[in-house]
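> 3D model of this:
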Amino acid sequence: MSESNPIDINSLHHIVLREVENDSLLEIDSNFYRDLADFIGNLRKQEFDGVESKIKDTMIEMATELSSLLINLRLDKILKSSETEIGFLLDEEKFILDSKEEEKERIEMIISATIHGKSKFLESLAQNHKTKKIVIRFLNEVDEIVGADLEKYGPFKPEDIATIPYENAQALISKNIATKVRWED
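Got it, this is the predicted structure:
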């Protein structure tokens with residue numbers, strides 16, 4: 001059954017309740033997560049004083065908790081079931097599952113290379129990963145650095161965006177000097 005009504009806190013609760021009560025993945029509207037994001041976003045934009053403000057904050061908290069519960073519940077069903085109806089998966093859920101599939105493939109690749117004695121392949125893989133470029137945003141000033149690929153990068157000012165090798169980016173991110181920027185196609 002497809003939900004087509006606009007989302008409010010009651011309809012969200014009803015959808016989560018239906019999903020909890022059923023062992024199989026339920027069909028919900030393909031725009032559900034986008035509509036839900038709009039609902040929560042619009043709720044956040046509203047300005048109230050006093051008691052109305054507390055009610056709004058409680059509604060946002062409830063919607064956030066119900067959203068998280070629904071996403072985790074649906075993903076748990078998908079991962080545990082061998083016969084998930086692919087038509088019932090929402091695009092956002094497919095996006096999450098795609099990364100899990102890639103993770104499985106990477107694990108199998110490492111295991112295979114290890115047990116088949118392909119050390120050169122593993123060395124190449126490790127080097128490619130260290131020097132793979134990712135986009136970061138600088139939070140602090142940083143002098144010029146030499147990347148894992150032996151190229152020079154910088155200097156950088158706060159809010160600068162740069163593409164640098166993974167190994168260097170991770171070091172900066174772990175020290176809260178930069179943050180990863182996620183670019184989606």
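> Looks like Gly154 contacts Val142 (just checking).
Yes - the pair Gly154 / Val142 is scored as a contact, 5.7 Å apart, by C-beta atoms under 8 Å. The way it works is simple: take the backbone N, C-alpha and C, and place the C-beta from them, glycine included.
> distance of the spatially most central residue of the chain from Val135?
Residue closest to the average C-alpha location in the chain (C-alpha atoms, centre = their mean): Ile96, at 7.1 Å. Distance of Ile96 to Val135, given as C-beta to C-beta, to the nearest Å: 21 Å.
> How about Glu21?
For Glu21, the distance to Val135 - C-beta to C-beta - is 43 Å.
> same check, this time on Glu27
36 Å.
> do Ser68 as well
Applying C-beta to C-beta to Ser68 and Val135 gives a distance of 27 Å.
> Same check on Asp38?
27 Å.
> List the buried residues for stretch 125-137?
Thr131, Ile134, Ile136 (16 or more other C-beta atoms under 10 Å).
> Ok, stretch 54-73 next?
Met59, Ile60, Ala63, Leu66, Ser67, Leu70, Ile71.
> Let's have the residues you listed in a markdown table, adding pLDDT and secondary structure.
Below are these laid out as a markdown table (pLDDT from 0 to 100; DSSP: H, G, I helix; E, B strand; the rest coil):
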| residue | pLDDT | secondary structure |
| --- | --- | --- |
| Met59 | 94 | helix |
| Ile60 | 94 | helix |
| Ala63 | 95 | helix |
| Leu66 | 96 | helix |
| Ser67 | 95 | helix |
| Leu70 | 96 | helix |
| Ile71 | 94 | helix |
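> All set, thanks.
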